[in-house]
Every structure is written in structure tokens, then in C-alpha cells.
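Trainee: What follows is a predicted protein model with its sequence.
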Protein chains: 2
Amino acid sequence: MSRIDFWYSIGSTYTFLTVMRLPRWAEDNGVEVAWMPFDVRAIMKAQQNIPFAGKPKKSAYMWRDIERRAAKYGLHAELPAPYPISDLSLANQVALLGMQDGWGEAFTQTLYRMWFNEATDAGTETALSEALFRVQQDPLPVLARARDMADALAEQTARAETLGVFGSPSFVVGGELFWGDDRLEDALSWSKVGHVT
Amino acid sequence: MSRIDFWYSIGSTYTFLTVMRLPRWAEDNGVEVAWMPFDVRAIMKAQQNIPFAGKPKKSAYMWRDIERRAAKYGLHAELPAPYPISDLSLANQVALLGMQDGWGEAFTQTLYRMWFNEATDAGTETALSEALFRVQQDPLPVLARARDMADALAEQTARAETLGVFGSPSFVVGGELFWGDDRLEDALSWSKVGHVT
């Protein structure tokens, strides 16, 4: 079976589209997807890559583009969602822990749903606790364990950087990098036939 | 017939894909496209939007992404092409003049071909002269007239800004803005059915 590594950070807006459509999409296309949380904000800071802050026209376009594409995918979204979220690190540490434990995808989808459907700042501990509760995880012990995942997230982030990843969502297929929800089909094509169709 | 306004600047890399595939695409899809040169660099400076300068990882990705997509569209490209080009203003003034005179599309395609296939800096007067010569225009008088088009290009750029345009290529369909060669199909869908399919 083809395999795609899905590098993502909770806190990225366009990643909403991928997170919500990916499980069904992977099944429909017969492809295995590994979810890889990392800290995109750390990479962006290091690379002085500031996509939206202080850019009102580009930001307005981003929300409109997401709105149109969400409708295309049949996804509900109340836009604009709170942005930027207050903190990325702990949210992605929880997601990384969840990938080890087996509830990471459900947690990520639930948190994005709270962020994009319920206008919740997805970076607060309150939001993380609520999302954990909704995926039937006990918030207090999980958050305690997630706080110890800072080094593990930094290692994942370093791995992402080595692969050339500079934004979220990104897809890696056998060393080939694709950036953006709108490149998911290119990544699939690459995984099947080694070029973009 | 549906109508799409194609806002573009010579100097934009991704615009290569659109410029080269657009005439055939428009015919295949039964859509009328108006080519609208403007000065994207002026807007980007004003909005402090710096997509690639000083961002080596993102730049490397950009060239690779263009290479894959050019192959998808059957377009030849020698990459990376010289970037950034030395000057945008006069090139786009010539293109704007060409749109009035009827040779603007051919000129734009020819100049992009020189830039992306022959490693020519598309911003020099030598390159503009050669491109004009290749589309059977007399370079000296055309360049003289184009030098007087600075105000006209600034007006077009102001129009683009009013529409929310912040990058090239952009597509406008009845007030709806789409940014990026990869949104051309979304713009088409919008022009036909009023949503993205």
C-alpha cells in the first residue's frame, strides 16, 4: 500500500481542511497516512516566514479561500476562526502523545472541530482538556504526560526541518515534499506513479 | 460565455504555469479570459509581503513544485530560472501596451519562454527587445511608448489592489478573488456555477 507522511501543526488554519477530510480520503484512495505532529511556528520563526500576521488582505483572502474549499469538501466551518491560537506547543505535544497512544487522530479532529465550528481558541489548556474529554481521555493525567513531551516534539520538528518542511500541512512521499492541502492529490499521484498527474 | 480576469505580473515565477497553459485551457473550457498586467512588486512592498527573498527552503520548494507542475502540464522548463528578475515595471508596461495593441499575450508567453527555457533575465531591456522582435514588433518605438505607460500601469495596479489582489497570478470572477495557478480550476467553477466544485 502507498504511504504518505502527513506533517502538521495544530495552529495552522489550512490544516483544518486536511485534518477533516483525510481519514475518508485515505480510505477512498487506498493509501496509508502517518500523522506527524510538529511545531511549525518554531520553523517559521527560524526562517522568518510570517504568512499572515500584519497582512490583512492576504488574511482575508485566506479565510475566504478556506470557506470555499470547506464547502467543496462538505465541511462545516464558522469563519474566521480565532487566530492565531494562543499556544501551539502543548497542543501539538498532546497530539504527539495521542499518536503513540492511538487516539491522536480523533483528538486532532475534535480540537479542530472546536476551533473551526465553535470559535474556541484551540491553544488553551481548557480547550485541550475539553477535546481530551470528548475523545474519552482523562485530561489531567494526559496533560501531565504531554508536558513532558517538549523534547519529543522538538525532535519531530527537527526531523521535519531536515525533510525541508517549512509549513503545515506538508506531505512527504519517499523524500518528496508537498506543501498545502491543495497538494494532497499531487502527493497521492507521486506515491502511485512517481510523478504528478 | 463565462469571463475570468487574469491579473498577472511578469516577474512572478508561478505565473509561468498560467501564462503557458492558459490560452489552450480557456479554449478547452469555453471561457473568455482578459489578461490584466499589473505591478505585483509594488503591492507586495506596500503590504510587506515577501514570499521568497531570504527564505532558501521555501524557495527551493517553490522551484521543485513548479518543476512537477510544469511536467504535469507538459511544459518545458529549465529550473531554477534567474530570480528575481532585475526590473518588473517596464516589462509589465510593455505587456500592458501589448494588450491594447493586440500582441500582449504572445509577448508575455515569449518573454516567459525566454525566462524559463533560455535562462534569460526577463527584466532587462535586452530581453524585452528580443521578445518584441520575436513577436514581430519593432523594439525601439514600442519601448519608447511603453516608457510612457508608467501611470497606466500604476492605475491598473491600484485597480488590482481595490479588488483585493495581493499576488500573481490572481483570477477575478464577478468580484470573487482566486490566487495562484492552482486556483484556476476553482475560478472556472465559480464562473460556471457560483461555487467551487
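Mentor: Good, I have the coordinates.
Trainee: residues from chain A in reach of chain B?
Mentor: Residues of chain A lying near chain B by CB under 8 Å from any CB of the partner chain: A:47-49, A:54-55, A:57-58, A:60-61, A:64-65, A:68-69, A:71-72, A:164, A:166-167, A:177-179, A:182-183, A:186, A:190, A:195-197. From N, CA and C alone the C-beta is placed, and that goes for glycine too.
Trainee: Can you say which of those residues are buried?
Mentor: A:47, A:49, A:55, A:57-58, A:61, A:64-65, A:68-69, A:164, A:166-167, A:177-179, A:182-183, A:186, A:190, A:196 (16 or more other CB atoms under 10 Å in any protein chain shown).
Trainee: Out of the residues you listed, which sit inside strands?
Mentor: Applying DSSP state E to those, the entries found in strands are A:177, A:178, A:179.
Trainee: Who are the packing partners of the lowest-mean-pLDDT helix or strand in chain A?
Mentor: Least confident element among the helices and strands of chain A, by mean pLDDT, DSSP states H and E: helix A:40-46 (a mean of 91). Secondary-structure packing of helix A:40-46 (3 or more CB pairs under 8 Å, 6 or more residues apart in numbering or on different chains; DSSP states H and E): helix A:150-162.
Trainee: Return the set of buried residues in the helix it packs on.
Mentor: Neighbour-count burial for helix A:150-162 flags A:153, A:156, A:157, A:160, A:161 (criterion: 16+ other CB under 10 Å).
Trainee: and what of stretch A:77-94?
Mentor: Within stretch A:77-94, the residues scored as buried using 16+ other CB under 10 Å are A:77, A:80-81, A:83, A:85, A:87-94.
Trainee: List just the nearest of those to chain B.
Mentor: residue A:77 (13.5 Å; CB to the nearest CB).
Trainee: you'd agree the closest one is up against residue A:118?
Mentor: No - applying CB atoms under 8 Å, one finds residue A:77 not in contact with residue A:118, separated by 10.8 Å.
Trainee: any shared contact partners between these two?
Mentor: Common neighbours of residue A:77 and residue A:118 (criterion: CB atoms under 8 Å, 6 or more residues apart in numbering or on different chains): none identified.
Trainee: For the least confident helix or strand of chain A, report the contacting residues that lie outside it.
Mentor: The contact list for helix A:40-46 (CB under 8 Å, 6+ apart) reads A:8-9, A:11-12, A:49-51, A:88, A:154, A:157, A:160-161, A:165-168.
Trainee: Identify those among those residues that sit within helices.
Mentor: Among the contacts of helix A:40-46, the members found in helices (DSSP state H) are A:154, A:157, A:160, A:161.
Trainee: okay, those residues in TSV with pLDDT and distance to residue B:122 next?
Mentor: Output for those, formatted as TSV (pLDDT from 0 to 100; distance: CB to CB, whole Å):
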residue	pLDDT	distance to residue B:122
A:154	98	42
A:157	97	38
A:160	97	34
A:161	96	33
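Trainee: now, which of the residues you listed sits nearest chain B?
Mentor: residue A:161 (8.0 Å).
Trainee: what's around residue A:74, how many residues?
Mentor: 9 (other CB atoms under 10 Å in any protein chain shown).
Trainee: Sorry, wrong one. I was asking about residue A:1.
Mentor: 7.
Trainee: hang on, the earlier thing: quick check: buried residues in the least confident helix or strand of chain A?
Mentor: Here helix A:40-46 shows A:40, A:41, A:42, A:43, A:44 as buried, counting by 16+ other CB under 10 Å.
Trainee: Which of the buried residues of stretch A:77-94 fall in strands?
Mentor: Of the buried residues of stretch A:77-94, none are assigned to strands by DSSP E.
Trainee: residues in contact with residue A:153?
Mentor: By CB under 8 Å, 6+ apart, the residues touching residue A:153 are A:37, A:38, A:39, A:89, A:92, A:93, A:96.
Trainee: switch to 10 Å and redo it
Mentor: By CB atoms under 10 Å, 6 or more residues apart in numbering or on different chains, residue A:153 lies in contact with A:9, A:37-39, A:42, A:88-90, A:92-97, A:146.
Trainee: do residue A:18 as well
Mentor: Per CB under 10 Å, 6+ apart, neighbours of residue A:18: A:6, A:8, A:12, A:25, A:33, A:35, A:73, A:112, A:168-171, A:180-184.
Trainee: let's see 6 Å
Mentor: A:169, A:181 (CB atoms under 6 Å, 6 or more residues apart in numbering or on different chains).
Trainee: And the pLDDT for residue A:93?
Mentor: Looking at residue A:93, its pLDDT is 98.
Trainee: Give me the pLDDT for the closest residue in space to it that isn't next to it in sequence.
Mentor: The shortest distance from residue A:93 to any non-neighbouring residue, by CB to CB, 6 or more residues apart in numbering or on different chains, is to residue A:149 (3.9 Å). Note for residue A:149: predicted pLDDT of 97.
Trainee: got it, and residue A:102?
Mentor: With respect to pLDDT, residue A:102 scores 98.
Trainee: Also residue A:130?
Mentor: If you check residue A:130, the pLDDT there is 98.
Trainee: Assumed it was part of a helix.
Mentor: Yes - assigned with DSSP: H, G, I helix; E, B strand; the rest coil, residue A:130 falls within a helix.
Trainee: ok, it to residue A:87 distance?
Mentor: Applying CB to CB, to the nearest Å, the value for residue A:130 to residue A:87 is 15 Å.
Trainee: Residue A:44 now?
Mentor: Remark: distance between residue A:44 and residue A:87 (CB to CB) = 15 Å.
Trainee: Check residue A:16 too.
Mentor: Between residue A:16 and residue A:87 the computed distance is 18 Å (CB to CB).
Trainee: List the contacts of stretch A:67-79.
Mentor: Residues from elsewhere that reach stretch A:67-79 (CB under 6 Å, 6+ apart): A:17, A:20, A:21, A:63, A:116, A:117, B:196.
Trainee: Can I get that stretch in PDB, CA atoms only?
Mentor: Only the C-alpha atoms of stretch A:67-79 are listed here, as PDB (Å, rounded to 0.1, in the frame of the first residue of the first chain):
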ATOM      1  CA  GLU A  67     -14.500  28.800   3.300                       C
ATOM      2  CA  ARG A  68     -14.900  28.000  -0.400                       C
ATOM      3  CA  ARG A  69     -12.800  24.900  -0.100                       C
ATOM      4  CA  ALA A  70     -14.500  23.700   3.100                       C
ATOM      5  CA  ALA A  71     -17.800  23.900   1.200                       C
ATOM      6  CA  LYS A  72     -16.300  21.900  -1.700                       C
ATOM      7  CA  TYR A  73     -15.300  19.200   0.800                       C
ATOM      8  CA  GLY A  74     -18.700  19.300   2.500                       C
ATOM      9  CA  LEU A  75     -17.100  20.600   5.800                       C
ATOM     10  CA  HIS A  76     -18.900  23.000   8.100                       C
ATOM     11  CA  ALA A  77     -16.900  26.000   9.300                       C
ATOM     12  CA  GLU A  78     -17.700  29.200  11.200                       C
ATOM     13  CA  LEU A  79     -15.100  31.700   9.800                       C
END
